[in-house]
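Engineer: What would the 3D arrangement of this be:
(one chain, ligands or ions: 2)
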Amino acid sequence: MNLHEYQGKEILQRYGVAIQTGIVAQSVAEAEAAWSQLGSGVVVIKAQIHAGGRGKGGGVKLAKNLDDVKTHAGNIIGMMLRTPQTPGGMEGPGKLVRKVLIAEDSYAPDFNACKEYYVSILMDREKKCNVIIYSTEGGMDIEAVAEHTPEKVQKEWVDPISGFQGFQARKIAFNLGLSGKAFKEFTTFITKLYTAFVASDASLFEINPCLRTGDDRILAVDAKVTIDDNALYRHPDLEAMRDKDEEDPTDVEAQEFELNYVKLDGNVGCMVNGAGLAMATMDIIKLSGGEPANFLDVGGTADAARVENAFKIILKDPAVKAILINIFGGIVRCDRVAQGVIDAYKNMGNISVPIIVRLQGTNADLAKKMIDESGLKVYSAIQLAEAAALVTKVLTEA
Ligand code: GDP
Ligand code: MN
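Structural biologist: Residues are numbered from 1 along each chain as shown. Ligands and ions are numbered 1, 2, ... in the order given. A predicted model of the protein is given here:
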């Protein structure tokens, strides 16, 4: 689950990480109130959407006085903001901005006396531990830095048993070229940041820029935070931060149906039980000349209601030219799944793409008979190879 910058900063603040102070606003009136609450000084107005690169797209503006606050808040709230990270990039439709963060100008009084750094924490799956990635080249595109000057991006791995150590904090501060008060501030900053990362079950913290101010304070000016969905059950306060407006509507619906769904770019929809079988099914689709349109694990109880919900989700994608249902009937009997497919098919009434059903396991023969005799445009198979051949056949006929 991705969070907005203002929410990410709220989490950081709970763990004592120094942040650029700010107040979120949904209207120009709220922006004005936030500005006076912050002391009526220079502020920065920042669009809150789930995408980075907002600065490049005109979603971050400095406001020197009340007039500027009104102008920029007025322009940014309600705009379709295009950034290199919104769907389709700078040529795409952009994302609607519903909220702005009004934040103190952290770079005052002297922008040039400040220095922007890059700090992120994420899981290194190969090393099986968390890694802190950092660079002196913050603020700009870290991908470009990594590509053109990889030596400027450094990594520090954290032992999961002993945790983040003081010497590591000092090593990072040293490698960033910090000294004196800024050095001490940074070691506190990074130590608390790591604690916040672990405690909130995050899968990503990206602080870019992490700012050293003219008077040697260290602040998180931006915060990109992703929380591991599988850990949300133990963080109801974080779960409450979910912003469904920012998420893909099909993903939201799949979540509500408790289906494990990931949209892909292909033309063959898949409905499978079990993640391993789903992966194997996607391989088979590729081998038979198709491209999977999605990953979808319906879970253990593939009854009529779940099958119908899964159909609905898959058919939202106009690119789908065929659907392959591949279900292993172990706990759930194949004839029950077959009945579910037939019922769902009849209930939906408007399914025009061919459906290939491969049911294997308990009562597989009965299930095949039921599908074959249903009179619906549903092809059945027992062997996976037969199912694959059917996929190839319907795709070439389509
Ligand atoms: P992003 O473009 O979506 O990553 O948004 P950021 O929060 O990183 O802001 C983009 C850029 O705006 C930063 O790299 C800064 O250069 C600038 N910026 C952000 N906050 C301030 C601020 O308080 N004062 C000034 N002068 N510039 C700021
Ligand atoms: Mn940023």
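
Engineer: could you say what helices and strands the biggest helix by length in the chain packs with?
Structural biologist: For the chain, the longest helix by residue count, based on DSSP state H, is helix 180-199. For helix 180-199, the packing partners by 3 or more C-beta pairs under 8 Å, 6 or more residues apart in numbering; DSSP states H and E come out as helix 5-14, strand 115-124, strand 129-135, helix 166-175, strand 202-212, strand 218-220. C-beta coordinates here come from the backbone N, C-alpha and C atoms, glycine included.

Engineer: what comes into contact with that helix?
Structural biologist: 11-12, 14-18, 119, 121, 130, 132, 158, 163-164, 166, 169-170, 172-174, 176, 178, 202, 205, 207, 210, 212, 216-218, 220 (C-beta atoms under 8 Å, 6 or more residues apart in numbering).

Engineer: Please spell out the PyMOL selection for the buried subset of the residues you listed.
Structural biologist: In PyMOL, this line selects whichever of these come out buried by 16 or more other C-beta atoms under 10 Å:
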select buried, resi 11+12+15+17+18+119+121+130+132+158+164+169+170+172+173+176+178+202+205+207+210+212+216+217+218+220
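
Engineer: residues touching the closest residue to ligand 1 within the stretch 101-250 of the chain, list them.
Structural biologist: For the stretch 101-250 of the chain, the residue closest to ligand 1 is Asp222, as judged by C-beta to the nearest ligand atom, at 3.3 Å. Counting by C-beta under 8 Å, 6+ apart, Asp222 makes contact with 5, 52, 206-209.

Engineer: Ligand 2 contacts on this structure?
Structural biologist: 208, 222 (C-beta under 5 Å from the ion).

Engineer: Which segments of the chain make up each domain?
Structural biologist: 21-104, 111-239, 249-397 (automatic domain parsing).

Engineer: Of all these, which one comes closest to Met1?
Structural biologist: domain 111-239 (4.9 Å; C-beta to C-beta).

Engineer: Between the two ends of the closest one, how far is it?
Structural biologist: Domain 111-239 has its terminal residues 37 Å apart, counting by C-alpha to C-alpha, to the nearest Å.

Engineer: Which parts of this structure are helices?
Structural biologist: 5-14, 28-37, 66-76, 142-148, 166-175, 180-199, 236-239, 249-256, 275-287, 304-315, 334-348, 364-373, 384-397.

Engineer: could you redo the ones you listed as TSV and give each row mean pLDDT?
Structural biologist: Formatted as TSV, the helices of the chain follow (pLDDT from 0 to 100):
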stretch	mean pLDDT
helix 5-14	98
helix 28-37	98
helix 66-76	98
helix 142-148	90
helix 166-175	98
helix 180-199	98
helix 236-239	97
helix 249-256	89
helix 275-287	92
helix 304-315	87
helix 334-348	87
helix 364-373	93
helix 384-397	88
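
Engineer: rewinding a little: most neighbours out of the contacts of Asp222, which is it?
Structural biologist: Ile207 (29 neighbours; other C-beta atoms under 10 Å).

Engineer: looking at the sheet around that one, what are its partners?
Structural biologist: Judged by DSSP bridges, the bridge partners of Ile207 are Val119.

Engineer: contacting residues around it?
Structural biologist: With C-beta under 8 Å, 6+ apart, Ile207 has these contacts: 118-120, 193, 220-224.

Engineer: Quickly check: stretch 199-214 near ligand 1 or not.
Structural biologist: Yes: Stretch 199-214 lies within reach of ligand 1 by C-beta under 6 Å from any ligand atom, at 208-209.

Engineer: Least confident of the contacts of Asp222?
Structural biologist: Within the contacts of Asp222, pLDDT reaches its minimum at Gly52, with 93.

Engineer: excluding its backbone neighbours, what's nearest it?
Structural biologist: Gln85 (4.9 Å; C-beta to C-beta, 6 or more residues apart in numbering).

Engineer: Now do the one you found against His148, distance only.
Structural biologist: Going from Gln85 to His148 by C-beta to C-beta, to the nearest Å gives 19 Å.

Engineer: Looking at those two, which has the bigger crowd around it?
Structural biologist: The neighbour comparison of Gln85 against His148 (other C-beta under 10 Å) goes to Gln85, with 16 against 10.

Engineer: can I assume that one is in contact with Gly53?
Structural biologist: Yes: between Gln85 and Gly53 there is a contact under C-beta atoms under 8 Å: 4.9 Å.

Engineer: What residues are bridge-paired with the spatially closest residue to Asp251 that is not a sequence neighbour?
Structural biologist: Distances taken as C-beta to C-beta, 6+ apart put Tyr261 closest to Asp251, at 6.8 Å, once the chain neighbours are dropped. Per DSSP bridges, the residues bridged to Tyr261 are Leu296.

Engineer: gap between Tyr261 and ligand 1?
Structural biologist: Distance from Tyr261 to ligand 1, counting by C-beta to the nearest ligand atom, to the nearest Å: 28 Å.

Engineer: need the contact list for that residue.
Structural biologist: Here Tyr261 is in contact with 250-251, 254, 294-297, 313 (criterion: C-beta under 8 Å, 6+ apart).

Engineer: from the residues you listed, which single one is nearest ligand 2?
Structural biologist: Asp251 (24.3 Å; C-beta to the ion).

Engineer: Ligand 1 contacts on this structure?
Structural biologist: Counting by C-beta under 6 Å from any ligand atom, the chain sits next to ligand 1 at 20, 44, 46, 52-55, 60, 62, 103, 105-107, 111, 116, 139, 208-209, 221-222.

Engineer: No further queries at this time; thank you.
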